[in-house]
Structure formats: C-alpha cells, structure tokens
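coordinates only, sequence not included:
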C-alpha cells in the first residue's frame, strides 16, 4: 500500500481539518468536518476517557451520521470546544433535522494537558472559542506536531503532538488517521530515539532512524511511567471513503486500536482515556465486502501507528516546556 497524495487524513475527499491553539495556555483544539455529515462509530479502550456524544454512535442508536468530531486539550474543560463548534454549525444551517429545527451532532474527546506548564488560571473557559476558531480554520492542508489539540500534548518523556497519515488500499479506497498523541506510555524504545512504530514507517516520514532491537525486559517494566503524571490519553479519528455501515465502521475503530498499541508501550492503561473514532464518507461501494473491510481495518491500524510517531516527530519547542521534543533530544 502507498500513501495518499499528502499523507494526511484529508486525502479522503470532502474532509477538512482545522486547528486552533493558545501558546500561553499550551493547549488547543482540532476539528474534523466534512462537506456533508459522515457515518461515525467509536471504540474506547482506555480506563479514563473523557467524551461527548459518543453513546449515540452505537449501531442501534437513531443517528447514523454526524456533522463533526472535536479533539481537544483541557481535560473535561475541553469538552466545551464542541459547544463552540455546534453553535457555528447551527449558524451555518447544519444539523440533524427535527421538524423545522436542525441540531448539529458533534462528538468529542479530550486529553489531559493541565500540568504541562501552560497558564491554566482562566476566568472564562477558553475552549468554546478555540472550537469556533478551529472550525473556521478547517482546510485540507493543516499543521502537525504542536498544533491544535496537540499543542500541549506530552508523552512519558517527550512532547507529544498532532499526527496524521494515509494509505491507499488495493481496491483504491483511501484510509487515513488523525491523532493527538498524549500517552502515559512511551512512543520510543526505552532510552533511544527509535520509534516503536518504525516497522511501519513510509518514506522517512518520522526520521527514518529505523527500529532498535529491544531487550525483552524493556517491555515488562518502564520506570518512566511513574515519573510523569502530566500525560495521559491518546485520541484519534480513522477514516475511509469506502461506504461502510455504522457497525462496519465500529469494527474499523476496534482494529485501529492495534495501531495505537504498536506505537505506544504500554497503551490502554487505567490512566489513559484511549479512544478511536471511525468515520466513513461513503463515497465508494465495497467491491468485495469482507476482504475490502479487512484491508481497511488493517490500513487503519497502520495509519494510526504512523500518525502517532509523526505527531511526536513533528512537535516543536516553546518557552516554558517541561519536556523536550524528539527533535531537540535526538536530532
């Protein structure tokens, strides 16, 4: 499989991503939106999730398409970013029709970034405005690393960030991932610059430093987990232009968590709120329903692993940071 033209989730036609961030806050918001509502599902594997409008994404619920997904910093405060996005979409006439009324359906997930060195002593919750700005900034080309919801992300011993990647399947479907990498665990083999996701890297997208053969004991115990209470939760969106049902999309979300586990060690801890949304823009019918869906699931997991490493690799330093970037530490 090859990447799409830009190696971003927006290689899927009709999708746009917008970022907004506050440098003093060391936090921000990222919005993914389509030209029209998209099919969506979700799968939660972390022990400490924070979310909004996720129960309705189950296959047995009334609504099968939504208008946007918001990924945000700010812990529970960041859920207010979705309110700003919802207001802006309502003003634009978007939303689920209930008689003469339209109700925008905006699902959201948050990371914990309240202890990253930023100024969190606000009087009014800043995330509603950050959500509005992120939606206004939505486009096909967008910044990675310390941008949007990745602005204040951290890992066990490095700055985290916003990442994205794409792949083309054998039958021509596009699959992509968008992620805020803020895990309790490590994205690199302990004590080295080598990403756990290195076996899946394409065209040197996160430094081309290769994979370091590890000692087995490094998988069993990583003392750095106890050193950084500041980071937890990786939240992501995987997407495809293949026409999937909500149930099929949920299966893609489940499979994509394999990519998260390949890129972060350990992952899905009781302190992480790891969550993956899966969306379908339903532009192309499946040619071979079973095999096509299986390949899409596999591609989603690979895209997510690569996107996590890219987000950390692309992170940039800023005044007041408590952790170095990968570039500062290893370039």
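It's in. For clarity, every value in this text was computed on a predicted model and none was experimentally measured.

Run through the stretch 151-300 of the chain and note the low-pLDDT ranges.
Flagging of the stretch 151-300 of the chain using pLDDT under 70 yields the residue ranges 214-231.

all helices of it, in order?
Ranges of helices in the stretch 151-300 of the chain, per DSSP state H, counting those that start in this stretch, are 216-220, 246-263, 289-313.

which strands and helices sit next to the longest one?
So the one you mean is helix 289-313. Contacts defined by 3 or more C-beta pairs under 8 Å, 6 or more residues apart in numbering; DSSP states H and E place helix 289-313 against strand 161-168, strand 174-181, strand 235-242, helix 246-263, helix 326-330. (Glycine included, C-beta is placed from N, CA and C.)

circling back to that earlier point, out of the helices of the stretch 151-300 of the chain, which is closest to residue 1?
Among the helices of the stretch 151-300 of the chain, the nearest to residue 1 by C-beta to C-beta is helix 289-313 (6.2 Å).

got the angle between the closest one and strand 235-242?
Orientation check (axes from the mean of the first three to the mean of the last three C-alpha atoms, to 10 degrees): helix 289-313 against strand 235-242 gives 140 degrees.

chain center to helix 289-313: distance?
Counting by C-alpha atoms, centre = their mean, to the nearest Å, helix 289-313 is centred 12 Å from the centre of its parent chain.

do the same with stretch 166-175
Averaging C-alpha positions (C-alpha atoms, centre = their mean) puts stretch 166-175 19 Å from its chain's average.

Could you pull out the buried residues of it?
Neighbour counts over stretch 166-175 (16 or more other C-beta atoms under 10 Å) mark 166-169, 173-175 as buried.

okay, how far is it across that stretch, tip to tip?
6 Å (C-alpha to C-alpha, to the nearest Å).

who touches it?
1-4, 6-9, 11-13, 176-177, 238-242, 284, 287-288, 292, 295-296, 299-300, 302-303 (C-beta atoms under 8 Å, 6 or more residues apart in numbering).

now swap in stretch 322-331 and tell me
116-117, 146, 154-155, 157-159, 188, 193, 207, 209, 228, 230, 312-313, 315-317.

Show me what the longest strand along the chain is packed up against.
What stands out as the longest strand in the chain, according to DSSP state E, is strand 27-44. Where contact means 3+ C-beta pairs under 8 Å, 6+ apart, strand 27-44 is packed against strand 15-22, strand 65-72, helix 81-91, helix 127-136, strand 174-181, strand 235-242, helix 246-263, strand 275-284.

Residue 258: neighbour count?
Using other C-beta atoms under 10 Å, residue 258 has 17 neighbouring residues.

Please tell me how far the residue nearest to residue 248 when sequence neighbours are not counted sits from residue 266.
In space, and not counting its chain neighbours, residue 248 is closest to residue 293: 5.8 Å by C-beta to C-beta, 6 or more residues apart in numbering. The gap separating residue 293 from residue 266 is 29 Å, by C-beta to C-beta, to the nearest Å.

ok, now how distant is residue 18 from residue 123?
Distance, residue 18 to residue 123, by C-beta to C-beta: 25 Å.

picking up where we left off before, check the helices and strands packed on strand 27-44 for me and report the most buried one.
Neighbour counts (mean count of other C-beta atoms under 10 Å) averaged over each of these peak at strand 174-181, with a mean of 32.
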